[in-house]
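S.K.: quick one, fold the following:
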Amino acid sequence: MEAIVLAGGLGTRLQGVIGAQPKCMAPVNNRPFLAYLLDYLERQRCTRAIMSLGFKHRIVTDWLEEQFLEYELDCVIENEPLGTGGGILAAIEDAETDDVVILNGDTMFSVDLTAMMKFHRDNKAACTLALKNMHNFDRYGVVKTSDKGVITNFEEKKPTADGIINGGVYIINREAFMAKDFPVKFSFEKDYLEKYVGEKKFYGFIDQGYFIDIGIPEDYEKVQGDFKTMFP
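M.R.: Sure, this is the predicted structure:
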């Protein structure tokens, strides 16, 4: 299993808490958040990971050089911000497998990747999204699916009592993705998922695993306690 970790973001909303460093390096109980993501990939039997890096990437690469991982690790550096889509496209060109897992470097969603990969391949999906049931939220848009799991629509962010959200973990078929005509800089969500949802090749895999996005200070504070219990 091969994974791309998108870790090139500036972390603007967290800079008042963690300083000017990549969000993935935000300390959680004296370890970078990225360390927990890499541990998760190891538990999921990942055999290779590609880091998509940008902002202050040397902080990440210097730390990675000191780690002893059970799988191959490579880095792709953005010399300028390429957007989520551009970052994926640059990294996926280095991938070797037909179907590649994509993770966000500031989000932990403990999805069963083996089950998700089987679902993805059984449906011959162009892209499979890990979805999460959520209650009382306004930070995320709602994802609509058919009874068979085909994604039919993406709704804008708004206060929602109950809904299914995009958890930020994807499996992409390389050939289907690279067949599209993208600019160098683009949004994966807007210029791929929302633009091509009508082709009915995107599927949603619902998982009830632990989920947190540390992009705001409140959730960054929450993850400190959560991970202390989960990773004693």
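S.K.: now do the same contact list for the residue nearest to I18 when sequence neighbours are not counted.
M.R.: Distances taken as C-beta to C-beta, 6 or more residues apart in numbering put A26 closest to I18, at 4.6 Å, once the chain neighbours are dropped. For the C-beta atoms, the positions are set from N, CA and C on the backbone; glycine is no exception. Counting by C-beta atoms under 8 Å, 6 or more residues apart in numbering, A26 touches G11, L14, V17, I18, P32, F33, D106, I214, Y220.
S.K.: ranking by neighbours, what's the top pick from those?
M.R.: I214 (27 neighbours; other C-beta atoms under 10 Å).
S.K.: the residue lying closest to D98 once chain neighbours are set aside: neighbouring residues, count only.
M.R.: When the adjacent residues along the chain are set aside, D98 lies closest to R174, with 5.9 Å between them (C-beta to C-beta, 6+ apart). If you count neighbours by other C-beta under 10 Å, R174 ends up with 16.
S.K.: also I164?
M.R.: Using other C-beta under 10 Å, the number of residues around I164 comes to 19.
S.K.: same check on G167?
M.R.: When neighbours are defined as other C-beta under 10 Å, G167 has 26 of them.
S.K.: packing partners for whichever helix in the chain runs longest?
M.R.: Identified as the longest helix of the chain according to DSSP state H is helix 217-230. The contact analysis (3 or more C-beta pairs under 8 Å, 6 or more residues apart in numbering; DSSP states H and E) places helix 217-230 against helix 15-18, strand 27-28, strand 211-213.
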